[in-house]
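Chemist: Structure of the sequence below:
(3 chains)
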Amino acid sequence: MSAAAPAVQISDLWKYYGDYPALKSIGLSIHAGSCLSLLGRNGAGKTTLLRILAGLLRPQRGDLRIFGHDPRDGATRARIGILGHGIGVYEELSALENLKLFANLYGLPNAAESAKDWLKRTYLDNVSDSLVREFSRGMRQRLAVARAFIHGPDLLLLDEPFTSLDDRAIALLQSLLQGALNRGATIVMSTHQLREAMELSTDVALLNRGKLVFQGPRPVEMLQDPTWLYRTYGEG
Amino acid sequence: MNFVSQTLTVAGKDIRSEIRTKESLNAAISFAIVILVIFSFAVDPSAEQIKEMSGGLLWIVFAFAGALILNRSFARELGNDCLDALICSPVPSAALFTGKAAANFVLLMVVEAVSLPIFGVLYNMQWMRDPATLAAVCMLATWGITIIGTVFSALTVNLRLRELMLPVLIYPMMIPALMAAMRLTTVLISEGTIPADDIIWLRLLVGFDIIFTALSVMLIDTVLIG
Amino acid sequence: MRQNVLIGLALLAGLWLARNLYVIFLGLPDEAAQGAIYRIMFFHVPSWFTCFTAFFVAGISSMLYLGKKSTMYDTLAVSAVEVGVVFTIIGLVTGSIWGRIIWGIWWTWDPRLTWALITCIVYSGYLMLRRAIDDPTARAKNSAVLCIFAFASVVITYKAIDWWRTQHPGPVLSIRTGGGNMDPAMEAMLFSNWGALLLLCIVLVAVRMKQEDTSREVESLRRYAHAA
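Modeler: Reported below is the predicted structural model:
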């Protein structure tokens, strides 16, 4: 990972829905190796911002660089992992087929090996040939995590990752995220589960109606009282 | 991974899940057979005229059955937000598109391969007079239908009335390809060969495929990314 | 200011049309072969030109929208298509009336008629697609893509139908080509009325654009209200 370019560099970014600005002049710099929690109430623009970072949406105005490159470059996208609201795996394929598919799409040299390895790491190796539609909720979530991590992404974009996860999946995800941080990866996540998120976060950003109202290292106060930021900067 | 293998990976994924569920293939084949049967009430099946309208009948069947397959193409990606996961992967949108189009093409060709003999039996028709040319015509026209259908499947995937909008949008666009396919299939079944003054339809078909494949590949990135 | 220009142009178009109507009905003699009904051609042919112009403009502005992402081009595209569809329908109806008198039938699968009908259906699909998408940005983008496909398809269809119908000639086809050269006064009137209809088309597009801008503004105000 180049130390020179920040993981994410955004300047004066605007996203409109028609004439309505969903994001207003966002400027944000996330340095490599940090974990940013994106806070704000529903409709503040968190998901829109994450989708723009993931290259799923195009902003109307502004500049966005990921590791110094355009987010729609194939090489850039190979370094990004996403975990959104949906699990992003196919119901009618088996767990192994799903992971092999994504390993292939990401151009991993040993697709089958990595797929098996990640099934083991997410405790799904005993059901690797079962179709996803037969899986329980917790198993699906773990498979989704494996899908997002399989290519060893340098930038992880997580949209409400802890919502509706069971305890086992939360523990797994937290340890994987910690592991990713340890190897120097960058994490951007939107979340309402402040307690789970604050343990990992090095930085926080608060969005209020499409505007970035706070960005900086996580205030110490938030470890004790996660809602401190909301109270201090409005938007309860 | 290069463009071709990316395309094949996406196509293989689509065909594999279709073989597992058979949801659109079953529906499309039964639908095709039902239209073939119902059509026998519209005309006297033993008449010589049926030869004259064989191409028309067949391509109406294929186009209608095709819409069922094309409707599922991108809708299949909606559950679990799989489309997002695909778009985020390093695979370019164009490879994603050609992969899905290739899968639709294969599925529609299967429907045609099943429908043609049934048509031959039900209407007592010698359709195998020049199988190689007929197959070539079917492939060219099916690619035209598939390319338009796949791009519009992507365009309408987030719509409330997706299943209704897709046929309304694609059929008028496909008319040139359908006209050419109908004409060529009719002469191939009734005369067993393409006469010189009908070669122009073959050229139209090739031109249609090239123009719309190029347009689709150029515009698909815009379609898929909001 | 813009409003006044629009009203001025609309008045000009109206006067021009009124003057043309006067000349068409009272100034020009009946045509030798067709009698009085030939006058409908002064509206039929120009409206056909006008609709093609409108769809061409819509195609270009859709491409510009995809390139520049400025809502202005989307507004222009939808307005041009809507007005274009109206002129296509005028062309179809006037042609149908003319056909009833001259050919004795309301409709025949003549290449131009078939083409006009398919074009009308294709562009109605465009208008339907717009109604089905709620997010204005996605609507603009998707309908711009559709508009480009529509234009390509309509151009190809134009050629294809010509071949198709030539191979299966209708019983009445020769009447259309056998008209011979036009009287210069009539031809001048044809172009004059095209000018008038084109001006009318421009006014209608401008009015529709204004309305589209307003409705987009209302839409965004609704989102603001929702967010507050």
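Chemist: Quick one: name the residues of chain B near chain A.
Modeler: For chain B, the contact set with chain A under C-beta under 8 Å from any C-beta of the partner chain comprises B:1, B:6, B:9-10, B:13, B:16-17, B:20-21, B:79-82, B:84-92, B:221, B:225-226. (Each C-beta comes from the backbone N, C-alpha and C, glycine too.)
Chemist: element containing A:Leu206, please.
Modeler: Per DSSP states H and E, A:Leu206 falls inside strand A:203-208.
Chemist: Please identify the pairing partners of that strand and their relative orientation?
Modeler: Partners of strand A:203-208 in the sheet, by DSSP bridges, are strand A:35-39 (parallel), strand A:211-217 (antiparallel).
Chemist: so of those, which one's packed in deepest?
Modeler: strand A:35-39 (a mean of 26; mean count of other C-beta atoms under 10 Å in any protein chain shown).
Chemist: does any bit of the following helix or strand past it sit next to chain C?
Modeler: Next along the chain after strand A:35-39, taking DSSP H and E as the criterion, comes helix A:46-53. No - for helix A:46-53 and chain C, the contact criterion (C-beta under 8 Å from any C-beta) is not met; the two come no nearer than 11.3 Å.
Chemist: For chain B, which helix or strand comes out least confident on mean pLDDT?
Modeler: Within chain B, no helix or strand scores below helix B:49-52, which has a mean of 83 by mean pLDDT, DSSP states H and E.
Chemist: Report the buried residues of that helix.
Modeler: Across helix B:49-52, burial judged by 16 or more other C-beta atoms under 10 Å in any protein chain shown covers B:Ile50, B:Lys51.
Chemist: One more: stretch B:119-129?
Modeler: B:Phe119, B:Tyr123, B:Met125, B:Trp127.
Chemist: For chain A, state which of the residues you listed is nearest.
Modeler: Distance to chain A, by C-beta to the nearest C-beta, is smallest for B:Phe119 among the buried residues of stretch B:119-129, at 30.8 Å.
Chemist: wait, that closest one sits on B:Met128?
Modeler: No - at 11.4 Å, B:Phe119 does not count as touching B:Met128 under the criterion of C-beta atoms under 8 Å.
Chemist: picking up where we left off before, now which of the residues of chain B next to chain A would you call buried?
Modeler: Of the residues of chain B next to chain A, these count as buried by 16+ other C-beta under 10 Å: B:1, B:6, B:9-10, B:13, B:17, B:20, B:80-82, B:84-92, B:221, B:226.
Chemist: Correct me if wrong, but A:Ala32 is in a strand.
Modeler: No - under DSSP: H, G, I helix; E, B strand; the rest coil, A:Ala32 falls outside any strand and is assigned coil.
Chemist: thinking it is in contact with A:Thr186, fair?
Modeler: Yes - using C-beta under 8 Å, A:Ala32 makes contact with A:Thr186 at a distance of 5.3 Å.
Chemist: of those two, who's got more company?
Modeler: More crowded of A:Ala32 and A:Thr186, by other C-beta atoms under 10 Å in any protein chain shown: A:Thr186, with 27 against 18.
Chemist: was I right about the more buried one contacting A:Cys35?
Modeler: Yes - if you go by C-beta under 8 Å, A:Thr186 and A:Cys35 touch, sitting 7.4 Å apart.
Chemist: gap between C:Ala138 and chain B?
Modeler: Using C-beta to the nearest C-beta, to the nearest Å, one obtains 6 Å as the distance from C:Ala138 to chain B.
Chemist: contacting residues around that residue?
Modeler: B:Asn158, B:Gly226 (C-beta atoms under 8 Å, 6 or more residues apart in numbering or on different chains).
Chemist: contacting residues around the residue in chain C positioned nearest to chain A?
Modeler: Nearest residue of chain C to chain A, counting by C-beta to the nearest C-beta: C:Pro136, 3.0 Å away. Taking C-beta under 8 Å, 6+ apart, we find C:Pro136 in contact with A:Tyr17, A:Gly18, A:Asp19, C:Thr71, C:Arg216, C:Glu219, C:Ser220.
Chemist: what's the spacing between it and C:Tyr123?
Modeler: 20 Å (C-beta to C-beta, to the nearest Å).
Chemist: mean pLDDT for the strands paired with strand A:203-208: which is lowest?
Modeler: Of all the strands paired with strand A:203-208, mean pLDDT reaches its minimum on strand A:211-217 (a mean of 87).
Chemist: A:Ile87 belongs to a strand?
Modeler: No - under three-state DSSP, A:Ile87 falls outside any strand and is assigned coil.
Chemist: What are the phi and psi values at it?
Modeler: Taking degrees, to the nearest 10, you get phi -80, psi -20 for the backbone angles of A:Ile87.
Chemist: Centroid-nearest residue for chain C?
Modeler: Nearest to the mean C-alpha position of chain C, by C-alpha atoms, centre = their mean, lies C:Cys51 at 2.3 Å.
Chemist: Now the element after the lowest-mean-pLDDT helix or strand in chain C, going C-ward?
Modeler: Across the helices and strands of chain C, mean confidence by mean pLDDT, DSSP H and E is lowest for helix C:173-177: a mean of 41. Next along the chain after helix C:173-177, taking DSSP H and E as the criterion, comes helix C:184-227.
Chemist: ok now that next one, how far from the chain's centre?
Modeler: 12 Å (C-alpha atoms, centre = their mean, to the nearest Å).
Chemist: what packs against that helix?
Modeler: strand A:20-30, helix C:2-22, helix C:41-68, helix C:71-102, helix C:136-167 (3 or more C-beta pairs under 8 Å, 6 or more residues apart in numbering or on different chains; DSSP states H and E).
Chemist: Residue numbers of chain C in contact with chain B?
Modeler: Counting by C-beta under 8 Å from any C-beta, chain C comes close to chain B at C:66, C:118, C:121-122, C:125, C:128-129, C:132-133, C:137-138, C:141-142, C:145-146, C:148-150, C:152-153, C:156-157, C:159-161, C:163-164, C:167.
Chemist: Just the buried ones among these, please.
Modeler: When the residues of chain C next to chain B are checked for burial by 16+ other C-beta under 10 Å, the buried set is C:66, C:118, C:121-122, C:125, C:129, C:132-133, C:137-138, C:141-142, C:145-146, C:148-150, C:152-153, C:156-157, C:160-161, C:163-164.
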